[in-house]
Every structure is written in C-alpha cells, then in structure tokens.
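1. Pasting a predicted model and its sequence here:
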Amino acid sequence: MFGFTFYTPTKVVFGKDTEKEAGALVREYGGTRVLLHYGGASAVKSGLIDRVKASLDEAGIIHVELGGVVPNPHLGKVREGIALAKENGIDFILAVGGGSVIDSSKAIAYALADPDHDVWELFQGKRPACGCFPVGCILTIAAAGSEMSNSCVITNEETGEKRSYNDNIARPRFAVMNPDLTKTLPDYQTESGCTDIMMHTMERYFTQGGNMELTDEIAEALLRTVMKYAEILHRDPGNYEARAEIMWAGSLAHNDLTGCGNDGGDFATHMLEHEMGGMFDVTHGAGLAAIWPSWARYVYKDCLPRFVRYAEKVMGVRDEGQGDEAIALKGIEEMEAFYHRIGMPVNMRELGIVPTEEQIRAMAVSCNEACGGSQGSAKVLHLEDMANIYRMAL
C-alpha cells in the first residue's frame, strides 16, 4: 500500500427535513449574505427553495437567488453568478441541487476569492486557485459526490470543452442530505447517478499495485450495495431506505475513502466521458456506462488480478477452473447485464450518439490534451489508445 492523507472536512447533516437547518448552518460557518444557487424549476415547484429561504430568513441571512444551472454546468452561468455575487456583496454560496449545481457554486466561489483573474484559467491548468469563498450544499441528486469532494467540472459551452479542477479548499463546509428530496427524479437520472457513484469507486479500484485490503473491502461493499439498491429503485422509486443507502454511498464514493492506500486512481473512463459530454451534452452517468465496457476490455489484460477480484467479489463470478482471463471477461459481461437491468447503455449507439471518425479523433485529441499526454493506472493510455476505445464503444 501507499501512504495517504485522508481529508474530509465537510459536516454532514443527514435525514428527513434537514433542509430546514440551512440557515443555522450558514450562520455557523460565518455566512451573512448568501447566493442561493440552484438548477431547474423542480426545486421551486416542489417548495424546496421556499423552505430554504424561510430557514435563511429565520437565521437573519440576506440572500439572492440564481437558478438555471444545467447538467454539465456552463461557464456562462458561472460568470453570471460571479457578477451577481459581486453586486450583492455575497460571502457564502449555498448550492441546492446535485453535482452540477455544486460544481457551479465551487467555480463561483473560486472566482470571488480571486477577482483579478479569469476562473476558466483554473480549468485550463494555467494556475492554481489562491482561495475559495465558503460553499454549503443541500443535495437533491445522489450521483456526483461533489458534496464531499474536492472536485469541480465545468463546461465551456462556447468551445465545447468540459474540464475539471480539484482543490481541497473548495470542499463544502456542510452537506445537507435528505433522501426524500431525490424522490422527484426520473428513473433515468436516478440510475445515471448510481452509475456515477459506482464509477467513482471503480476508478480508484482498478489500479496497479499499492492496494490496501481494508480499502478494497470497503469499495467492494459499496459497489454491491449500490447495485442492490439501484435495482430496487428501478422497481420502487419511492423507497426511502434505498434512496438513503444510495445517497450516502454517493458521498463515500468520492470523498477519497475508497482510494486510501492506492496510487490515486485511474480516472481514464471519466476523462473519456468528459469529451463525450462536452461534444454531445450526454447525461454524465449514462455516458460512463456507455464507455466503461470498452475501456475495460481494452485494459483488462494489463490489470488482470484486479479484474479477476472484481468479477469474483463484486459481480459474483465463480472460479470453476476457466482461467483468469475468462473470469475477468465474465465480470465485464455481468457489469453490462447490470447496466441493462437498470436502463443504462453499454455503448455509444445505445446512448444515442454515433460519432464520426473525425469526431472520434477530435475527442481523443482533446482528451489527451486535458490529461497532459496520458491517463490511467490499470493501463496508461495515450492518444491512439483513447481513439481506439472510442471506436470500440460504437
């Protein structure tokens, strides 16, 4: 195993009606003037925004609103939030939504702490952040894990670039998690979220060396749990216990717990999907499901012991003397079968996109540039590898 630093400063308030504690929590962390940031109309129609505003009012917190965040959050909305926050002397960002809203909030918070520079420079890798205004969140979608992570992904809608920036200073001060708030989600969004949760763990699992037995066991239990409850929610979307299990799994999958002791993770699947999201605006979790089987078949021989363990411990494949390669491939097949059981695609055609060779090449070039020339731990991928995986995923 490798040495590691585990840092999770986010306070979690979990359970029914916990959104009513928003005002007291903002006050606890020093907020006095809040930008209330959210996505679509559902947060308003459901009464959630009104409940949050009532809590802020009760705590004496001044607040202004900015809705309209979309999946694969746009840089343009971030810039709108920056301007609004400056105009109103905002000192705290409160995100009400899922990963897209939280990521947009983090980007705004970075910019407010460094008003003399363009925030997009962080995502281009031109400089590190010098500060970040405090962010809190009220989670409405279990998926991205941004509520406890250091990560932030923004799409420049003018260039089609989808880029990430990671820094511990952006970890939310608190995360309010009421599983009831996820019950209004369509099944496709729920299951896309489950896929994203699993992928955050799998990206840390399929690595070369440095593995820790306890971390592996935690990761495997998390993956089995998400699979179990994803199927339950596919049949019974109103099941509170299932939504609670999935919501907590989403946070644990991306707060670095399932990466303790390894080499930092692979994350090639995420980087490949980012280009699909940037070019075609696909739902992130569904895009991950569409690219992962091709990635897995491309790299499994280079990371065979991990794929065998995954097949046996997570997918329930039995060793009947068929050999390690057959076990590993059976595990990948079982993963595809699971994706289909919850309504997820396993290739790009099922996702609804059929990139041309020119588009495949453009995604591969952009992905390679975003990765700095290579990406991966299970197998280090370069430009041609990335293009080949996109072709396989057709």
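-> Here it is on my side, so go on.
2. from here on, contacts and neighbour counts on C-alpha atoms
-> Noted.
3. so where does residue 35 fall, helix or strand?
-> Using DSSP states H and E, residue 35 maps to strand 33-38.
4. Ends of stretch 205-216, what's the gap?
-> Stretch 205-216 has an end-to-end distance of 7 Å (Cα to Cα, to the nearest Å).
5. Over that stretch, what's the mean pLDDT, rounded is fine.
-> Regarding stretch 205-216, the rounded mean pLDDT is 93.
6. Flag every buried residue along it.
-> 205, 206, 207, 208, 211, 215, 216 (16 or more other Cα atoms under 10 Å).
7. ok, the fifth one - contacts?
-> Contact criterion Cα atoms under 8 Å, 6 or more residues apart in numbering gives 1, 2, 261, 262, 263 as the residues in contact with residue 211.
8. quick one: the strands in the stretch 251-394 of the chain?
-> Remark: no strands are assigned in the stretch 251-394 of the chain by DSSP state E, counting those that start in this stretch.
9. Helices of that one, start to end?
-> 268-280, 284-299, 304-313, 324-341, 348-351, 357-370, 383-392 (DSSP state H, counting those that start in this stretch).
10. Buried ones in the fifth one, by neighbour count?
-> The one in question is helix 348-351. 348, 351.
11. Just give me how far that helix sits from the chain centre.
-> 21 Å (Cα atoms, centre = their mean, to the nearest Å).
12. got a list of contacts for that helix?
-> Residues outside helix 348-351 that contact it (Cα under 8 Å, 6+ apart): 286, 287, 290, 291, 345, 354, 393, 394.
13. Now which of the contacts of residue 211 would you call buried?
-> Using 16+ other Cα under 10 Å as the burial test, those include 261, 262, 263 as buried.
14. so the second one touches residue 213, yeah?
-> By that I understand residue 262. No - counting by Cα atoms under 8 Å, residue 262 sits too far from residue 213 to count as a contact (10.3 Å).
15. ok so, going back, for the helices of the stretch 251-394 of the chain, which one sits closest to residue 17?
-> helix 284-299 (27.3 Å; Cα to Cα).
16. give the contact list for residue 31.
-> 61, 91, 92 are the contacts of residue 31 under Cα under 8 Å, 6+ apart.
17. and if we set it to 7 Å?
-> Applying Cα atoms under 7 Å, 6 or more residues apart in numbering to residue 31 gives the contacts 91, 92.
18. By mean pLDDT, flag the weakest helix or strand of this structure.
-> helix 42-45 (a mean of 90; mean pLDDT, DSSP states H and E).
19. List the contacts of it.
-> The contact list for helix 42-45 (Cα under 7 Å, 6+ apart) reads residue 49.
20. hmm, try it at 8 Å
-> 49, 50, 96, 97.
21. relative orientation of the helix or strand where the first one lies and strand 33-38 in degrees?
-> This means residue 49. Per DSSP H and E: residue 49 is located in helix 48-58. Computed by axes from the mean of the first three to the mean of the last three Cα atoms, to 10 degrees, the angle separating helix 48-58 from strand 33-38 equals 170 degrees.
22. what packs against helix 48-58?
-> helix 22-28, strand 62-66 (3 or more Cα pairs under 8 Å, 6 or more residues apart in numbering; DSSP states H and E).
23. ranking those by burial, who's on top?
-> Of all these, helix 22-28 has the most neighbours on average by mean count of other Cα atoms under 10 Å, namely a mean of 20.
24. what pLDDT, on average, does that helix get?
-> Helix 22-28 comes out at a mean pLDDT of 98.
25. helices or strands up against it?
-> helix 48-58.
26. okay, now residue 250: neighbour count?
-> 29 (other Cα atoms under 10 Å).
27. isn't it right up against residue 141?
-> No - in this structure, residue 250 is not within contact of residue 141 by Cα under 8 Å, at 9.4 Å.
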